[in-house]
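Q: sequence? don't have it. structure:
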């Protein structure tokens, strides 16, 4: 049972196993559990992605702000139609709840969504485009070709600027890496599964709030509003400051998480 449980859920702690076995009528110690798992070739380790994020955050925590002012951050995001309408409130008279002015249009199976690719730097938002088909590596390289360099010119980043994208397979494909190399783009090495480190998350949330406030009624309106609102987002805070705050925040978070995991191992 011990090995089977850990194989199904590697994050199970020794305390969890003790409690599970006790409920099943078997009393064991944590030392017995450790010995049993070791005999099966299993050892307790900190989660790999957490360690990678912590390493990345520590390495960049003291980088000068000038470095981050010269970076372009990118990501894809999905914007939904009617995504926030379920909580909208209206002022109405009694018995008027079904008047068209007091109801929210519903769409079977959801209102649909659009996929966007965008980028930004410390100086503000770069290009934002709609991705109308399922994106593959070739399409991603075309998006970069048509939008990344124009964004760099628009944002007036200095020569030697750094490009950030995550570890999506389309981004890390050999053909994409080769294309970036031939274009002489300097790419920021990014830890796996780390969307929370990317400051573009802040702009993405800002965009979604702005779109929801304008209450688009169809997909065409969603796209138009996205483009309008993206262009209006001001560069109120330097990305370098935002990113340094995030690296400090997540350095502390990841350290606490790893310490917690290590404490669990010893319990």
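A: Good, I have the coordinates. Treat the numbers as computed from the prediction; the structure is a model and nothing was measured.
Q: elements contacting the helix or strand containing residue 120?
A: For residue 120, the host element (DSSP states H and E) is strand 113-121. When contacts are defined as 3 or more Cβ pairs under 8 Å, 6 or more residues apart in numbering; DSSP states H and E, strand 113-121 packs onto strand 71-80, strand 124-131, helix 137-155, helix 200-214, helix 219-232. (C-beta placed from N, C-alpha, C; glycine too.)
Q: so where is the stretch 51-200 of the chain shaky, pLDDT-wise?
A: Residue ranges of the stretch 51-200 of the chain with pLDDT under 70: 53-54, 57, 60-61, 82-111, 193-197.
Q: Let me see the mean pLDDT of stretch 218-231.
A: Stretch 218-231 shows a mean pLDDT of 93.
Q: So for that stretch, what gets flagged as buried?
A: By 16 or more other Cβ atoms under 10 Å, the buried positions in stretch 218-231 come out as 219, 222-223, 225-226, 229-230.
Q: strands paired with the strand holding residue 120, and their directions?
A: Based on DSSP bridges, the pairing partners of strand 113-121 within the sheet are strand 71-80 (antiparallel), strand 124-131 (antiparallel).
Q: Would you mind giving these as TSV with mean neighbour count and distance to residue 161 added?
A: Shown next, in TSV, are the strands paired with strand 113-121 (neighbours: other Cβ atoms under 10 Å; distance: least, Cβ to Cβ, whole Å):
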stretch	mean neighbour count	distance to residue 161
strand 71-80	20	6
strand 124-131	19	11
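Q: Of all those, which one comes closest to residue 173?
A: Residue 173 lies closest, by Cβ to Cβ, to one member of the strands paired with strand 113-121: strand 71-80, at 15.0 Å.
Q: Hey, what's the angle from the closest one to helix 200-214? Just curious.
A: 40 degrees (axes from the mean of the first three to the mean of the last three Cα atoms, to 10 degrees).
Q: re earlier: how about the strand holding residue 120: buried residues?
A: 114, 116-121.
Q: Just send those back as a markdown table, with distance to residue 51 too.
A: As requested, the buried residues of strand 113-121 are arranged in a markdown table below (distance: Cβ to Cβ, whole Å):
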| residue | distance to residue 51 |
| --- | --- |
| 114 | 36 |
| 116 | 32 |
| 117 | 30 |
| 118 | 30 |
| 119 | 28 |
| 120 | 29 |
| 121 | 29 |
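Q: and of the residues you listed, the nearest to residue 67?
A: Out of the buried residues of strand 113-121, the member with the shortest distance to residue 67 (by Cβ to Cβ) is residue 121, at 12.0 Å.
Q: Identify the bridge partners of that closest one.
A: residue 124.
Q: Against residue 220, how distant is the closest residue to residue 78 other than its chain neighbours?
A: Counting by Cβ to Cβ, 6 or more residues apart in numbering, residue 78 lies nearest to residue 113, which is 5.0 Å off, once chain neighbours are set aside. Here residue 113 is placed at a distance of 13 Å from residue 220 (Cβ to Cβ, to the nearest Å).
Q: does residue 175 really touch residue 139, like I thought?
A: No. Judged on Cβ atoms under 8 Å, residue 175 makes no contact with residue 139 at a distance of 11.8 Å.
Q: So those two - more neighbours on which side?
A: Using other Cβ atoms under 10 Å, the more surrounded residue of residue 175 and residue 139 is residue 139, with 15 against 12.
Q: how about the residue nearest to the more buried one when sequence neighbours are not counted, secondary structure?
A: Distance criterion Cβ to Cβ, 6+ apart; nearest residue to residue 139, sequence neighbours excluded, is residue 133 at 6.8 Å. Judged by DSSP: H, G, I helix; E, B strand; the rest coil, the three-state class of residue 133 is coil.
Q: Which phi and psi values does residue 133 adopt?
A: phi -120, psi 170 (degrees, to the nearest 10).
Q: can you count the residues close to the closest residue to residue 141 other than its chain neighbours?
A: The spatially closest residue to residue 141, leaving aside those adjacent along the chain, is residue 179, at 5.1 Å (Cβ to Cβ, 6+ apart). Using other Cβ under 10 Å, residue 179 has 18 other residues around it.
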